[in-house]
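Chemist: One predicted model, sequence on top.
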Amino acid sequence: MTLASLTVQLINGLADASAMFLVAAGLSLIFGVTRIVNFAHGSFYMLGIYIAYSLVDAIGGGAFGFWAGVLLSALAVATIGAVVEIAILRRIYRAPELFQLLATFALVLVIKDAVLWQWGPEDLFAPRAPGLSGAVQLLGRRLPQYDVLLIFIGPAVFALLWLLTTRTRWGTLIRAATQDREMLGALGVNQAWLFTGVFALGCFLAGLGGALQGPRMPANLALDLDTISNAFVVVVVGGMGSIGGAFAAALLIAEVKALCIALGNVSLFGIEISLSRLTLVVEFLVMAAILVARPWGLFGKPPAIVRHGGNEAPLPAPGRRSRLTGMGLLAVLLALPLAAGSFPYLPVLMVEIFVAVLFAASLHFMMGPGGMASFGHAAYFGLGAYGAALFALKLQWPMAAAFVAGPLVALLGALLFGWFCVRLSGVYLAMLTLAFAQIVWAVIFQWDDLTGGSNGLVGLRPAEALASPVAYYYLALACAVLGVWLLRRVIYSPFGLALRAARDSAVRAEALGMNVRRVQWLGFAVAGLFCGLAGVLFAFSKGSISPEAAGVSRSVDGLVMVMLGGVQSLMGPLAGAALFTWLQDLVARETDYWRALLGLVMLALVLLFPGGVSGAFRQLAKLFSRRHGEDA
């Protein structure tokens, strides 16, 4: 690697930094003012690149057609964002943050299928920017002209945003809302329209970022989740709500990636290390390192004042009715295989539901009693699944031994990651869990000799006595019931009470002599152990395992299950897991647009029943009791 090649590669990384910044700046603005962690921001980016493709094609070639299409697509995305904010998000600003997250994820599903319906599943390649299809010579290397332009667009947008936020009255209101939006409302400022304007501006930046990427990459349906994960990293590294932090973080991450590509393979202590392969996960490594050293990011500040919040309501202890309901449900599940003759697929579907229930119960243990949101819970699912598979396939251990070893591998992973994560809180803790999950996924994906890489591991078989679907059904049922029962016992044990005390008031708990970090660390370990058990069940039921087991999509599915059922309920996440898995299986077999239908169901639940499925049942029960009392 020559100095000239390294220099050109680093300069080329500035173009990627500009693209990152445009998306992250919009996300940072939206979070800073509305406090919504907008999971749909990557979807608006994806809309930008698709709409620009169609507009440029409709307007015609030439410089005017291209740049008009880019700007009009960004304006179209801003308009869509404003409509979404007014129609949906404005109604849930006072709802718990996790339900806001659920609503924005539902939007991801709806927008993805809307794009699929309009543009189809194939990748679309936009034309080159007119007049910028060539390259310039720099230090004997060729640098695309369009990339040179992008290098200047990022700083120009940053300068305009700085002028907007520091030299205009609207910018003053944005900064005031970022610091204390309740006080801003008390001063008579119309927060509703301020939020709409900020959300539209953030979507405009996302749409502009997507439209500008048309000549560099094809439009495809995977852009939404790929983009939002990278945007979250940039925003968190820079500091939530900080435009300058987003700009600095985009530069840092893009240049580190460019450096890894430029250096390629390096030798360290006689060991050959492929730095180019780190590009899949380097941004998460950077984020993990910075959050451990600076918990609020490079330019972040402690969370803004929020006066309407409060402690979580205590989880009600199960009463006689709950125990009778549980026993009745268990009796039904024990008898269910009798119907397998008419529905041979039923035991297989129920195993998937039991796996989801155990996954959701372990995640709820962290999020509900523990108060620690996790965006990367699939890490322990993947560690448990791969741990059991490796022991069974590589070391030829029997199924029983692998069944015990898999959850222990997940436990060790949770102890390691949790030691760092419990030093943070809120969104920063959640993002650090995502960083560790992505690191686990990258190791699994790239360690071909051990994990099989992208092909995964195949040939995993349960013991002969459990080979039939019905036999494995009873094993999965036993594991799910035992896991849920043990988690419930832990929640109502002295340790569970200490965990809830640490959630509700860490300062008071510390004053009473409690080691809050240790309690939360052990809570991490308990959740990881049972999530690992779910991974083992999954691996033996499928007979194979792939890196998808530890992917972002599985973590997101777990979040949806818990929030769909209701965080402030023990049975809610279990019902949410069963409902989500059943709906996913049922709708996916009926239509190609199952994501949109599922997203609309989730949006309806969020808008009508902010407490989730369990909250809906409580409201219906209260309504029934009230009417019954009136009739009496």
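Modeler: Thanks, I have it.
Chemist: would you list every one of the strands in the stretch 201-350 of the chain?
Modeler: In the stretch 201-350 of the chain, the segments counted as strands under DSSP state E, counting those that start in this stretch are 265-268, 271-274.
Chemist: now the first one: mean pLDDT?
Modeler: This predicted structure assigns strand 265-268 an average pLDDT of 59.
Chemist: and if you look at stretch 189-206?
Modeler: 89.
Chemist: just stretch 565-579 next, same as before
Modeler: pLDDT averaged over stretch 565-579 gives 80.
Chemist: Same question for stretch 411-420.
Modeler: Stretch 411-420 comes out at a mean pLDDT of 94.
Chemist: CA atoms only: put it into PDB for me.
Modeler: Extracted C-alpha coordinates of stretch 411-420, given in PDB (Å, rounded to 0.1, in the frame of the first residue of the first chain):
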ATOM      1  CA  LEU A 411     -24.600 -16.900  29.600                       C
ATOM      2  CA  LEU A 412     -20.900 -16.200  29.200                       C
ATOM      3  CA  GLY A 413     -21.600 -13.800  26.300                       C
ATOM      4  CA  ALA A 414     -24.200 -12.000  28.400                       C
ATOM      5  CA  LEU A 415     -21.800 -11.700  31.300                       C
ATOM      6  CA  LEU A 416     -19.100 -10.200  29.000                       C
ATOM      7  CA  PHE A 417     -21.300  -7.800  27.100                       C
ATOM      8  CA  GLY A 418     -23.400  -6.900  30.100                       C
ATOM      9  CA  TRP A 419     -20.400  -5.800  32.100                       C
ATOM     10  CA  PHE A 420     -20.000  -2.900  29.600                       C
END
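Chemist: Any buried residues in the biggest helix by length in the chain, and which?
Modeler: Counting residues, the longest helix found in the chain (DSSP state H) is helix 3-34. Neighbour-count burial for helix 3-34, counted by 16 or more other CB atoms under 10 Å, picks out 8-9, 11-34. No exception for glycine: its C-beta is placed from N, CA and C like everyone else's.
Chemist: and if you look at stretch 219-228?
Modeler: Counting neighbours by 16+ other CB under 10 Å, stretch 219-228 gives 219-221, 223-225, 227-228 as buried.
Chemist: how far does it stretch from start to finish?
Modeler: One end of stretch 219-228 sits 15 Å from the other (CA to CA, to the nearest Å).
Chemist: Can you give the contact residues for that stretch?
Modeler: When contacts are defined by CB atoms under 8 Å, 6 or more residues apart in numbering, stretch 219-228 is touched by residues 23, 39-43, 45-46, 49-50, 53, 108, 111-112, 115-116, 119, 121, 123-126, 210, 552-553, 556.
Chemist: In helices, which of these fall?
Modeler: Using DSSP H, these in helices are 23, 41-43, 45-46, 49-50, 53, 108, 111-112, 115-116, 119, 210, 552-553, 556.
Chemist: Can you go through those residues and name the buried ones?
Modeler: 23, 41-43, 45-46, 49-50, 53, 108, 111-112, 115, 119, 210, 552, 556.
Chemist: residue ranges with poor pLDDT in the stretch 151-300 of the chain?
Modeler: For the stretch 151-300 of the chain, residues meeting the criterion pLDDT under 70 lie at 179-182, 185, 264-280.
Chemist: before we move on, back to that, turn the buried residues of stretch 219-228 into CSV, columns for distance to residue 235.
Modeler: Formatted as CSV, the buried residues of stretch 219-228 follow (distance: CB to CB, whole Å):
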residue, distance to residue 235
219, 23
220, 23
221, 23
223, 18
224, 16
225, 16
227, 12
228, 10
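Chemist: and which of the residues you listed is nearest residue 202?
Modeler: Looking at the buried residues of stretch 219-228 and their distance to residue 202, the nearest is residue 228, at 12.7 Å (CB to CB).
Chemist: do you know how far the closest one is from residue 111?
Modeler: 12 Å (CB to CB, to the nearest Å).
Chemist: quick one: the helix or strand encompassing residue 361 to chain centroid distance?
Modeler: For residue 361, the element it lies in under DSSP states H and E is helix 346-367. Using CA atoms, centre = their mean, to the nearest Å, the mean C-alpha position of helix 346-367 is found 18 Å from that of the whole chain.
Chemist: That helix: what's the following helix or strand?
Modeler: Toward the C-terminus from helix 346-367 - assigned by DSSP H and E - lies helix 378-393.
Chemist: In the next helix or strand after that following helix, which residues are buried?
Modeler: Of the helices and strands lying after helix 378-393 in sequence (DSSP H and E), the nearest is helix 399-421. In terms of neighbour count (16+ other CB under 10 Å), helix 399-421 has its buried residues at 399, 402-403, 405-414, 417-418, 420-421.
Chemist: Show me what helix 399-421 is packed up against.
Modeler: Secondary-structure packing of helix 399-421 (3 or more CB pairs under 8 Å, 6 or more residues apart in numbering; DSSP states H and E): helix 378-393, helix 426-446, helix 516-542.
Chemist: quick one: common contacting residues for residue 228 and residue 111?
Modeler: In contact with both residue 228 and residue 111: 40, 43, using CB under 8 Å, 6+ apart.
Chemist: on contacts alone, who are the packing partners of the longest helix of the chain?
Modeler: Short answer (3+ CB pairs under 8 Å, 6+ apart): helix 3-34 packs on helix 41-59, strand 141-144, helix 145-167, helix 169-186, helix 191-212, helix 223-238, helix 243-263.
Chemist: Please save the CA atoms from the longest one in PDB.
Modeler: The one in question is helix 145-167. Taking C-alpha atoms only, helix 145-167 is exported to PDB below (Å, rounded to 0.1, in the frame of the first residue of the first chain):
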ATOM      1  CA  GLN A 145     -16.200  13.100 -10.200                       C
ATOM      2  CA  TYR A 146     -19.600  12.400  -8.600                       C
ATOM      3  CA  ASP A 147     -17.800  11.400  -5.300                       C
ATOM      4  CA  VAL A 148     -15.800  14.700  -5.400                       C
ATOM      5  CA  LEU A 149     -19.200  16.500  -5.600                       C
ATOM      6  CA  LEU A 150     -20.600  14.500  -2.700                       C
ATOM      7  CA  ILE A 151     -17.500  15.500  -0.600                       C
ATOM      8  CA  PHE A 152     -18.600  19.100  -0.800                       C
ATOM      9  CA  ILE A 153     -22.300  18.500  -0.400                       C
ATOM     10  CA  GLY A 154     -22.000  17.200   3.100                       C
ATOM     11  CA  PRO A 155     -20.200  20.200   4.600                       C
ATOM     12  CA  ALA A 156     -22.500  22.500   2.700                       C
ATOM     13  CA  VAL A 157     -25.600  20.900   4.200                       C
ATOM     14  CA  PHE A 158     -23.900  21.000   7.600                       C
ATOM     15  CA  ALA A 159     -23.200  24.800   7.200                       C
ATOM     16  CA  LEU A 160     -26.800  25.400   6.200                       C
ATOM     17  CA  LEU A 161     -28.100  23.400   9.200                       C
ATOM     18  CA  TRP A 162     -25.800  25.400  11.500                       C
ATOM     19  CA  LEU A 163     -27.100  28.700  10.200                       C
ATOM     20  CA  LEU A 164     -30.700  27.400  10.500                       C
ATOM     21  CA  THR A 165     -30.300  26.300  14.100                       C
ATOM     22  CA  THR A 166     -28.200  29.200  15.400                       C
ATOM     23  CA  ARG A 167     -29.300  32.300  13.300                       C
END
